[in-house]
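Asks: Return atomic coordinates for the entry below.
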Amino acid sequence: MKVRSSVFASFILIFEVIGVALFLRGFFPVPVKSSVSSKSKLSDLPPEPVTGRSPNSTRVPHPLFEKVVIMLVDALREDFVFGPNGRLYMPYTRHVVERSSSHSFVAKARPPTVTMPRIKALTTGSIPGFIDVVMNLNSPALLEDNLIWQARAAGKRIIFYGDDTWIRLFPKHFVEFDGTTSFFVSDYTEVDNNVLIHLDSTLKRDDWDMLILHYLGLDHIGHISGPHSSLIQPKLLEMDDILKKIHSALISKQTEGALPYLLVLCGDHGMSETGSHGGSSEPEVNTPLVLISPAFRRKEGTLKPDVVEQIDLTPTLALGLGLPISQNSVGRIIPGVFEETSLRDKLRFLHLNGHQLSCLLKDSLPSYEKEPGFEQFRVAEKAHGSWMKLYLEGNTSEVLANMGKKVLKQYLDALNAMSSALGKQLGRYDMYSMIAGMVVLLLLLLLALPEALSGAAAVDVPVLSAVLSLPFYLLCLLFASVHVLVCTSAESSCYFCSLSWGLVFAAVVFSSALFCILISMAMRRLPQEHKTYRKWSLSELDVLLLAGTVGHTLSLAASSFVEEEHQTWYFLISTLCLGVFQDVCRKYFRERIVTGDEEEPVLSSKDRRSGHRKADVHSEKWLALATPPFTLLCCRLLRSLNQTGVQWAHLPDVGHWLNSAEHKVVLSLLAAFCLVLIYFLVQRRCSLVSKVALALGLLGVYSYRAAVDNVSFPWQHSGHATSRGMLEARFVYVFVLGILFTGTKDLLRSQIITADAKLRSRGLWEIYSGLVLLVALLFRAHNLPVLCGSLLIQTLMAQFIWKKLHYDAAQTTIMHYWFGQAFFYFQGNSNNIATIDISVGFVGLESYIEAPAVFLTSLSTYAGPLLWACHLICHLSSEGERSPVSLSHGCYCLALLRSVPAAAYIVLVTVLRYHLFIWSVFSPKLLYESVHLLLTAGVCLFFNTMERGPGSGTF
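Replies: Now for the predicted structure:
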């Protein structure tokens, strides 16, 4: 069966996306959980160990606290409280930390440092899986054992105000609640005011046991303008006043003889130097944890806060409230909280925590008995039993106290060891799914590679002959046998084993057919190799493009190269510019010297017939010579706009300088200039209607940025009121839709009614113009030069390089791909989730709507690669002198450029799955690669659509 190369490439990419999805299903592990599906109960707690006696009753120490207030400030960095500016930002909190009855800690959050996984960690004590980053957009109800469920089951009355993620995670758990969306990051005032309006009345009442307050304003300011914004200090002072109000109210309600209160100040995660979060840098994972209660000793002087794990708060709060510890908690209690209790109660608290961790260790590790922490716990439990025997006999000697301190230390060592072992376990990989996805991906890649190198217009896929062959049926039997063997012998459940036999049969048939087709195509090409190997000839530029692509793929095996991948692309782009400059010099100088014809202009026949004057010929020559150095200069300037990566992300860049208040005029002039230049670069191939819409749309972009106070009009005063820019953004959306509609109409006419290449070219360019206008709206004001530089380089390269030097479709495609990758990092992106700018998902939206928010965020993040891929379609479609199969071959090359690093990276991640940086470095990159592969599949489908014209009978 013969299919066009673009169709074949599209099918390859679609099935590769399925293979990657299957791999991700197995790679992102299921978090460590107890095998018992029910929740922990007080009746299930172990008895106190007593040597030589029958087990004691399941005595639980009395609760330490009557009321608990948890004040969670989203994105609260530890240096905002404990750092040099802590006394300026939060003076009352700092006073309480240094002079009052409190305990302060630096609580380390595990990546991913986004809100929903951190709330799960705080309430369950477990370490959420990395895939929870995706679930953060739409949090389902939390079904596993957690602190909130335990408190509600014990009759505690819980009130919540703040981030509605809590309400989605814990439906029907709160007696009173009011939620605000956490994703509308343009608002940093109302989200906190919605919490504040309930606070005074709630503090005056006595009908609650636990009050949870989640303030979002600080996080939203970080997303908008970063941790060094002038808005940070006022917001932190506001949070400090709220803490003072809560503390004063709790003190006034404290009565003699009653259990004391506990006030908890904490953050779910920190904030990077760019204002985002999600990664593993110190500012993102270090959060303050301040526990305030009259049950603690009064501090005297400044003490350096100790370091604990964020998940340690869960068992500490549970035992402090007289509740069982959640089954899946891997945290350990914070000893200082229980410093004023009796030694017997301290040992009992540690014993309960150790018993819970040892049970979880049994469920997660087959060889749990060999774990040092488990052995230490058993030794400590026996020593605890001996101490209890002496204690119950009335022994009050100093020997008993020393023995108790020794047991206490043994318990602490055992808890540390068991918690560390469980933390390293993180989860169980589904190797069956991982290997199946990896095999599918590699088979598809091997199937596509020879055909891509051939450059044929169509691919002959021997489907029928492969399916009717004997090896096909033997492979079906082999794969079915492997499936049965794995599913009957696997110790842990596999995703494939839970599928119905119908789906398994379809997967077996597909894999067998794919393998047979690959073998058939390979055998068919073998006799032709001796005829074609002499035809291979690689130019210097081909060697550069091939070596650069392979070198980048190999560099992904090192964590440092993944963290600083932008440096690889910056180097490749610079080298490419020098290589192109060499080709230009060879064409315009060396060829003329060799031919000896100094008067012959090196132009196409069409240009010679057009009657250009000799001066025009020389000007084109010098413009062609100037294009590579100019491109190199542009790329160097764009690099300085945004510091990215890890090593140098903290250094100041031009973007920070432009966004400072004192340079607002400079930013305004730069933004205006870029928008005008964007118009002149884009409008030249649009219809009159689209030109007018584009001009008004770009004016709307500037008006939107002025409305949100990024830039200013000359007549605006410095103290003018800012808005969310709803009207201005929607004004731009209208023109974006109008331009896209006009382009789509022209495109459909050229594809269905008439085979007009000029009409199709104009329709494609108008769709591209609409995307440019939308990206201009989404980009921050200081990033508009990135968009402007991209369009300028595309224009110059298309006019003087790709066309004049007659580069083929493969070379042009690889160059577009390289530039797209470089501009991905010019935007300020990295392989760290923290650099995703989620604020663009709410441009023009009054509330959080999932579908448009995800679309806008994805478009803004991948604007560089997408715009360069769209320009590639426009360029190859408009080149009338090219071969008719150039568009198809370009699609094939683009698919291959995405498939090779994706397949290689999946193999590398499988090999490095126990690497120290697997979750902080390699996993985020895997998500980026997966989404990029999905977007490339969509672009290739669009390629396939563009190649089909009216009356096209080829599949």
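Asks: which SSE is M71 in?
Replies: strand 68-73 (DSSP states H and E).
Asks: quick one: strands adjacent to that strand?
Replies: The strands beside strand 68-73 in its sheet (DSSP bridges) come out as strand 210-215 (parallel), strand 262-266 (parallel).
Asks: Helix or strand next in line after the last one, which one?
Replies: The element immediately downstream of strand 262-266 (helix or strand, assigned by DSSP H and E) is helix 282-285.
Asks: Can you spell out which helices and strands pack onto the helix or strand just after the strand holding M71?
Replies: Counting by DSSP H and E, the next helix or strand C-terminal to strand 68-73 is helix 79-82. Where contact means 3 or more Cβ pairs under 8 Å, 6 or more residues apart in numbering; DSSP states H and E, helix 79-82 is packed against helix 86-89, helix 91-99, strand 102-108, strand 286-292. Heads up, the C-betas are built off the backbone N, CA and C, glycines and all.
Asks: Which residue is the nearest non-sequential neighbour of L623?
Replies: In this structure, L623 finds its nearest non-sequential neighbour in F800, 5.4 Å apart by Cβ to Cβ, 6 or more residues apart in numbering.
Asks: residue contacts, the one you found?
Replies: The contact partners of F800, taken as Cβ atoms under 8 Å, 6 or more residues apart in numbering, are 620, 623-624, 627.
Asks: In TSV, list those along with pLDDT, neighbour count and secondary structure.
Replies: Putting the contacts of F800 into TSV (pLDDT from 0 to 100; neighbours: other Cβ atoms under 10 Å; DSSP: H, G, I helix; E, B strand; the rest coil) gives the following:
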residue	pLDDT	neighbour count	secondary structure
E620	78	19	helix
L623	87	14	helix
A624	87	24	helix
T627	92	22	helix
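Asks: Output the lowest mean pLDDT helix or strand found in the chain.
Replies: Ranked by mean pLDDT, DSSP states H and E, the weakest helix or strand in the chain is helix 605-609, scoring a mean of 44.
Asks: Quick one: distance of whichever strand or helix holds N402 to the chain centre.
Replies: Per DSSP H and E: N402 is located in helix 398-425. Here helix 398-425 is found 38 Å from its chain centre; the criterion is Cα atoms, centre = their mean, to the nearest Å.
Asks: what do you get for stretch 463-471?
Replies: Relative to the centre of its chain, stretch 463-471 is centred 43 Å away, using Cα atoms, centre = their mean.
Asks: Need the contact partners of it.
Replies: Stretch 463-471 has contacts (Cβ under 8 Å, 6+ apart) with 1, 472, 513, 516-517, 519-520.
Asks: which of the residues you listed sit farthest apart?
Replies: The most widely separated members of these are M1 and I519, with 16.5 Å between them, by Cβ to Cβ.
Asks: so who does the residue positioned nearest the centre of the chain touch?
Replies: The centroid of the chain falls nearest to I833 when counting by Cα atoms, centre = their mean (3.4 Å). Residues counted as contacts of I833 (Cβ under 8 Å, 6+ apart) are 112, 114, 133, 278-279, 924, 927.
Asks: how does it look with 7 Å?
Replies: 112, 133, 278-279, 924 (Cβ atoms under 7 Å, 6 or more residues apart in numbering).
Asks: Sort those by pLDDT and name the bottom one.
Replies: Looking at those by pLDDT, the weakest one is V133, with 61.
Asks: any weak-confidence spans in the stretch 651-800 of the chain?
Replies: Low-confidence segments of the stretch 651-800 of the chain (pLDDT under 70): 716-723, 755.
Asks: What segments of it are helices?
Replies: For the stretch 651-800 of the chain, applying DSSP state H, counting those that start in this stretch gives helices covering 654-659, 664-682, 688-707, 726-748, 757-778, 784-797.
Asks: May I see these arranged in TSV, with mean neighbour count and distance to E66 as well?
Replies: Putting those into TSV (neighbours: other Cβ atoms under 10 Å; distance: least, Cβ to Cβ, whole Å) gives the following:
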stretch	mean neighbour count	distance to E66
helix 654-659	19	48
helix 664-682	18	52
helix 688-707	21	49
helix 726-748	19	46
helix 757-778	23	50
helix 784-797	22	56
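Asks: pLDDT on stretch 215-231, on average?
Replies: 86.
Asks: Give me the contact list for that stretch.
Replies: If you take Cβ under 7 Å, 6+ apart as the criterion, stretch 215-231 is touched by 73-77, 162-163, 180, 182, 185, 187-189, 191-192, 195, 232, 235-236, 239, 271, 273-276, 659, 661, 838-839.
Asks: Would you show me how to pick out the buried ones of the residues you listed in PyMOL?
Replies: Here is the PyMOL command that selects only those of those that count as buried (16 or more other Cβ atoms under 10 Å):
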select buried, resi 73+74+75+76+77+162+163+180+182+185+187+188+191+192+195+232+235+236+239+271+273+274+275+276+659+838+839
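Asks: any idea how far Y432 is from H483?
Replies: 9 Å (Cβ to Cβ, to the nearest Å).
Asks: repeat for E256
Replies: Using Cβ to Cβ, one gets 63 Å for the distance from E256 to Y432.
Asks: Could you do G278 as well?
Replies: To Y432, G278 is 30 Å away according to Cβ to Cβ.
Asks: just checking, T115 touches D164?
Replies: No - between T115 and D164 there is no contact under Cβ atoms under 7 Å: 10.8 Å.
Asks: Mind checking which of those two has more residues around it?
Replies: Of the pair T115 and D164, T115 is the one with more neighbours under other Cβ atoms under 10 Å, namely 25 against 19.
Asks: Sticking with S230, tell me its helix or strand.
Replies: Going by DSSP H and E, S230 is not in any helix or strand.
Asks: Can you give me the neighbour number for it?
Replies: Neighbour count for S230, taken as other Cβ under 10 Å: 10.
Asks: Look up how far N659 lies from it.
Replies: Using Cβ to Cβ, one gets 11 Å for the distance from S230 to N659.
Asks: what about stretch 141-154, how long is it end to end?
Replies: One end of stretch 141-154 sits 20 Å from the other (Cα to Cα, to the nearest Å).
Asks: For it, which outside residues touch it?
Replies: By Cβ under 7 Å, 6+ apart, the residues outside stretch 141-154 that reach it are 33, 39-40, 120, 123-124, 158, 168-171, 173, 210, 314, 317-318, 321, 323-324, 326-328.
Asks: And for stretch 550-558?
Replies: Stretch 550-558 is contacted from outside by 561-562, 568, 572, 900-901, 904-905, 908, using Cβ under 7 Å, 6+ apart.
Asks: Filter those down to the ones in helices?
Replies: 561-562, 568, 572, 900-901, 904-905, 908 (DSSP state H).
Asks: Highest neighbour count among the residues you listed?
Replies: V562 (25 neighbours).
Asks: Tell me how far it lies from A649.
Replies: From V562 across to A649, the span is 14 Å (Cβ to Cβ).
Asks: Ok, L876 next?
Replies: Distance of L876 to A649, computed by Cβ to Cβ: 37 Å.
Asks: And G844, by the same measure?
Replies: From G844 across to A649, the span is 30 Å (Cβ to Cβ).
Asks: Ok, M388 next?
Replies: Taken as Cβ to Cβ, the span from M388 to A649 is 54 Å.
Asks: ok, which stretches of the protein are strands?
Replies: Using DSSP state E, the strands of the chain run over 2-4, 30-31, 68-73, 102-108, 158-163, 176-180, 210-215, 262-266, 286-292, 306-309, 427-428, 458-460.
Asks: what's the closest of these to Y807?
Replies: Nearest of these (Cβ to Cβ): strand 2-4, 22.3 Å.
Asks: Parallel or antiparallel, which strands does the closest one pair with?
Replies: Sheet pairing of strand 2-4 (DSSP bridges) gives strand 458-460 (antiparallel).
Asks: and the partner strand, average pLDDT?
Replies: For strand 458-460, mean pLDDT rounds to 72.
Asks: measure the closest residue to S878 other than its chain neighbours to M797 for me?
Replies: Once flanking residues are discounted, S878 sits nearest to S761: 4.5 Å by Cβ to Cβ, 6+ apart. Per Cβ to Cβ, S761 is found 18 Å from M797.
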